[in-house]
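Novice: fold the following for me, if possible:
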Amino acid sequence: MRIALLGFGLIGGSIARALRERSGATPADHISAWTPSGDGPAAAALDGVIDVAAASPDDAIAGADLVVLAGPASVCLAQLDDLAGAWRGALAPGVVITDVASTKTAMVLRATALGLRFVGGHPMAGREISGYAASSADLFVDRPWVIVPSADEAAVERVEALATATGARPMRMTAAVHDEAVAAISHLPLVVATALVETVAGDNSTDREDWAIATELASSGWRDMTRLARGDVAMGAGIVSTNAPAIASRIRDLIGVLEAWLAELERPGGPNEAELAERLRAARERLEAMA
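Specialist: Here you go, the predicted structure:
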């Protein structure tokens, strides 16, 4: 199978590494990649991870059996337009297009409207650092790879073969169910981590008076809670902008919970320590039940 990657950062690079470095796993006879800068594909070609660092999107997708859109969600949406328009002439007959973006409804609706042979995908794996240099052949091992099924079973199976070859576990799911779930366990945490930094440090123009002291005292708790805010900015902005309604709903839920915490902390006579302990215990038990 000939595979073309449009976008070649952490996820695209890790897909290519997995296909090349996981012994006996690869369904790929030929891997090409393209990015606007060309830096990641050029480095990967030197490493022997891909066959061709393409000079243009048309060159990358020419003859491919599977085209993987591996950039931010908003970029993937624009590339769907190009694949149905300016780049269509380079597509091979029967080619399947997939993506790895963190939101699925917008992708599926756009691809369907454009008449593309598309299967939405999302590997549930990542790191807070980005770029091809951060990629790993083991990034997807035993991680779910969500696949949005369509009536085209052969196309779905082609994308599932890619996921399996990287060591991931393909998991079929509707776009709506996926977007609601990841809004809770991935997108809300990104917004919360960013909001926490904004709350404690101040806005982009003015530091809070106690920020300098706080930075001196900060340790693992702060690092762990703000890890997602250290990630790829373009990727994060694309996620939030393309799954806004589901994320907004989760933020409203969070506000309600925080207001209950605030009411307890401002209780006349002081908070009830036993009730605080019970809330903390219940949260811990919910997390331990996931293990």
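Novice: remind me, longest helix of this structure?
Specialist: Residue-count comparison of every helix in the chain, with assignments taken from DSSP state H, identifies helix 244-265 as the longest.
Novice: which residues are in contact with Val182?
Specialist: Val182 is in contact with 102-103, 122, 243, counting by Cβ atoms under 8 Å, 6 or more residues apart in numbering. Backbone N, C-alpha and C define where each C-beta goes, glycine included.
Novice: swap that for Ser249, sorry
Specialist: Neighbouring residues of Ser249 by Cβ under 8 Å, 6+ apart: Ala183.
Novice: for it, give me the pLDDT.
Specialist: The per-residue pLDDT reported for Ser249 equals 97.
Novice: can you tell me how far it is from Glu21?
Specialist: Computed as Cβ to Cβ, to the nearest Å, the Ser249 to Glu21 distance reads 40 Å.
Novice: beyond the longest helix of the chain, next helix or strand please.
Specialist: Beyond helix 244-265 on the C-terminal side, the first helix or strand identified by DSSP states H and E is helix 273-290.
Novice: and the angle for that following helix with helix 244-265?
Specialist: Angle of helix 273-290 versus helix 244-265, following axes from the mean of the first three to the mean of the last three Cα atoms, to 10 degrees, is 150 degrees.
Novice: for the protein, just list every one of the helices.
Specialist: 10-21, 39-47, 57-61, 73-84, 105-114, 153-165, 175-182, 188-201, 211-217, 220-225, 233-242, 244-265, 273-290.
Novice: now, of those, which is deepest in the fold?
Specialist: Among the helices of the chain, the stretch with the highest mean neighbour count (mean count of other Cβ atoms under 10 Å) is helix 10-21, at a mean of 25.
Novice: now, which of the contacts of Val182 lie within strands?
Specialist: Residues from the contacts of Val182 lying in strands, with DSSP state E as the criterion: His122.
Novice: where does pLDDT dip in the protein?
Specialist: Applying pLDDT under 70 to the chain flags the ranges 23-27.
Novice: pull the contacting residues for Ser150.
Specialist: Ser150 makes contacts with 118-119, 156, as judged by Cβ under 8 Å, 6+ apart.
Novice: please tell me how far it sits from Ala134.
Specialist: To Ala134, Ser150 is 32 Å away according to Cβ to Cβ.
Novice: same check, this time on Thr98
Specialist: Relative to Ala134, Thr98 is positioned 22 Å away (criterion: Cβ to Cβ).
Novice: neighbour count: those two, which is higher?
Specialist: With neighbours defined as other Cβ atoms under 10 Å, Thr98 and Ala134 compare such that Thr98 has more, 27 against 17.
Novice: residues in contact with the more buried one?
Specialist: 66-69, 118-121, 159, 162.
Novice: look at the closest residue to Met107 other than its chain neighbours and say how many residues are nearby.
Specialist: Taking Cβ to Cβ, 6 or more residues apart in numbering as the measure, Met107 lies nearest to Gly120, with 5.1 Å between them; neighbours along the chain are not counted. Other residues lying near Gly120 total 30 when counted by other Cβ under 10 Å.
Novice: residues in contact with Gly120?
Specialist: With contacts taken as Cβ under 8 Å, 6+ apart, Gly120 has the following neighbours: 98-99, 104, 107-108, 111, 146-148, 175.
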